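Asks: Sequence first, then the predicted structure, then my questions.
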Amino acid sequence: MQGVMMNIKNEIKNFHEEMTTWRRDIHAHPETAFEEVRTSAFVAEKLEEFGYMVHQGLAGTGVVGTLSTGNGPTIGLRADMDALHMQETNNHNYKSINDGKMHACGHDGHTTMLLGAAKYLAETKRFSGTIHLIFQPAEENEGGGKRMVEEGLFEKFPVEAVYGLHNWPSLPLGKIAVREGPMMAAYDRFDIIVKGRGAHAAMPNQGVDPIVIASQVIMALQTITSRTLSPLDSGVVTVTQIHSGDTYNVIPEKAHIGGTTRWFKEEVQDQIKSSIERIVKNICQAHNADYELDYMTGYPPTVNHKEQTELAIQTAGKVLGEENLILDPDPTMGAEDFSYMLKEKPGCYLFLGTARTDNDPTLHNPGYDFNDDALPIGASYWAQLVEDQLKD
Ligand SMILES: [Zn+2]
Ligand SMILES: [Zn+2]
C-alpha cells in the first residue's frame with residue numbers, strides 16, 4: 001500500500017495479519033460448487049465467535065450472519081466462497097492441498113474481507129440497523145447466488161439494498177472501478193450436434209459429412225456479432241469446443257460444437273439466440289443434414305442501481321481517496337451470479353484493484369494468488385459502507 005493515501009480503519013489494520021492467516025488457510029483448502037463444507041464451517045465459526053446470529057443451509061453450504069444494533073435500516077453484503085476446478089502452479093507454503101482445485105478467482109480474499117469487516121463491526125458497533133452478511137456457494141458456473149435467492153434469501157433476511165465486490169488484479173491496488181448500469185454481461189451456453197451420415201472417407205458422395213457442415217456453421221456464427229447485431233450493441237458468440245471423428249479413413253456420423261454467448265440487453269440475447277437457430281437450421285438443411293440445438297440460459301447481466309451506486313462511490317471515495325476512483329470503467333463481458341441478487345434488490349457491485357505489478361496473473365490463471373495487501377482495504381470499504389448507511 002506504499003504511496004497510496006487511504007483511510008484504512010486502524011482497528012482493521014491491527015488484524016491484517018490475522019486476516020492474512022484466514023485467507024491463506026482458505027486458499028490452502030479450496031472447495032468447489034456446493035461442496036464448500038469446510039469453508040462454510042470456518043465462516044460460521046468465525047461469525048459465531050464475533051457474536052453474530054448465524055444461519056446455515058441456504059443453497060446447501062450458504063451462510064448468513066446477522067448483527068443488529070439500534071433501529072436503522074437493513075442492508076446485505078455478499079461474498080462468494082467457492083474455488084475453481086484447476087491445478088494451482090504456485091509454490092508458496094499455503095498452495096492448494098486439494099488436487100485439481102484452486103482459489104484462482106480470489107473468492108478466498110472476498111470471504112476474508114467480509115469476515116474482517118464482520119469482526120470490526122461487531123467490536124465497534126458504530127452503526128444503527130441490521131446487517132446480513134451473505135456468504136454464498138458456487139459463484140463459478142453453478143449459480144449458488146441464484147439458489148440462495150430461490151430458497152428465500154430475501155424473505156428470510158429482508159434487506160433494503162445489497163452490495164458485492166470482486167477483486168480486480170489488472171487494476172492497481174487501492175483503486176475502485178464502478179459505474180451505474182451494467183458492470184458485467186450475461187452469459188448463455190449452446191450445444192449443437194450436426195447429424196450427418198457416416199461413410200468411407202474415400203467415398204464422400206455416399207455420406208453426409210458433418211465436419212464440413214460444422215465448419216460452415218462455425219464460420220457463419222461469426223457473422224452474428226459482425227453482421228446481425230447493431231454496431232452500437234455489445235455481444236459475444238464464441239465457439240469453444242468442436243469434437244468429431246476418431247480416425248483417418250472414416251467420415252463420422254456427427255460433429256459437436258459448443259460455446260458461449262455474452263450480452264447486456266435482452267433483445268440482443270433474442271437476436272443471438274434466433275440467429276444461431278437460423279444459421280444451424282439452414283446450413284444443415286442445405287447439406288441434407290439434421291441437427292440438435294440446445295441453447296441454455298445462464299446468468300443475467302450484473303446491473304448497478306443508481307442510488308446505491310452513488311452511495312457506494314461516496315464510501316469508496318472516503319476510504320480510498322476520490323483520486324483512486326474510476327467512475328467510467330468499461331463493463332466486462334465476464335458474468336457474475338450476484339446479478340440474481342441485484343434483480344431482486346437494489347444495490348451495487350464494484351471492482352477492487354489488487355494488482356501487485358503491471359503484469360499480475362489474471363483471474364482464473366493457475367499462477368494467480370489474491371493480494372493480501374488488499375484485505376484491510378476491502379474490509380474497510382465494507383465497514384465504512386455500513387457506518388455510512390446504517391444510521392437512525
Ligand atoms: Zn471466477
Ligand atoms: Zn470470481
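Replies: Received the coordinates, thanks. Numbers count the residues shown, from 1 in each chain. Ligands and ions are numbered 1, 2, ... in the order given.

Asks: okay, now the closest residue to His364 other than its chain neighbours: neighbour count?
Replies: Once flanking residues are discounted, His364 sits nearest to Ala104: 5.2 Å by C-beta to C-beta, 6 or more residues apart in numbering. (Glycine included, C-beta is placed from N, CA and C.) Neighbours of Ala104 under the rule other C-beta atoms under 10 Å: 28.

Asks: now Ala220
Replies: 17.

Asks: any idea how far the residue nearest to it when sequence neighbours are not counted is from Asp188?
Replies: Spatial nearest neighbour of Ala220, chain neighbours left out: Ile279 (4.6 Å); criterion: C-beta to C-beta, 6+ apart. Going from Ile279 to Asp188 by C-beta to C-beta, to the nearest Å gives 16 Å.

Asks: Just checking the distance from stretch 279-290 to the centre of its chain.
Replies: Distance, stretch centre to chain centre, for stretch 279-290: 36 Å (C-alpha atoms, centre = their mean, to the nearest Å).

Asks: and if you look at stretch 370-380?
Replies: Counting by C-alpha atoms, centre = their mean, stretch 370-380 comes out at 18 Å from the chain centroid.

Asks: Give me the contacts around it.
Replies: For stretch 370-380, contacts defined as C-beta atoms under 8 Å, 6 or more residues apart in numbering pick out 1, 6-9, 12-13, 16, 19-20, 23-24, 27, 103, 106, 108-110, 112-114, 116-117, 120, 165, 167, 169, 173-174, 319-320, 352-356, 360.

Asks: mind checking the end-to-end distance for it?
Replies: 17 Å (C-alpha to C-alpha, to the nearest Å).

Asks: Now do the buried residues in it.
Replies: 370-380 (16 or more other C-beta atoms under 10 Å).

Asks: before we move on, what about stretch 335-355?
Replies: So for stretch 335-355, counting by 16+ other C-beta under 10 Å, buried means 335-342, 345, 347-355.

Asks: which ones are touching Arg356?
Replies: 173, 371, 373.

Asks: My guess is His132 contacts Ser68. True?
Replies: No. Counting by C-beta atoms under 8 Å, His132 stays clear of Ser68, with 9.7 Å between them.

Asks: More neighbours: which of those two?
Replies: When His132 and Ser68 are compared for neighbours, His132 comes out ahead with 24 against 17, by other C-beta under 10 Å.

Asks: Retrieve the pLDDT associated with that one.
Replies: Listed pLDDT for His132 reads 98.

Asks: Pull up the gap between it and Met148, please.
Replies: 11 Å.

Asks: next one: Thr61
Replies: 10 Å.

Asks: swap in Phe34?
Replies: Counting by C-beta to C-beta, the gap from Phe34 to Met148 is 11 Å.

Asks: Between these two, which is the more surrounded one?
Replies: Met148 (27 against 16).

Asks: sorry, back to before: out of the buried residues of stretch 370-380, which is nearest to His305?
Replies: Gly378 (20.9 Å; C-beta to C-beta).
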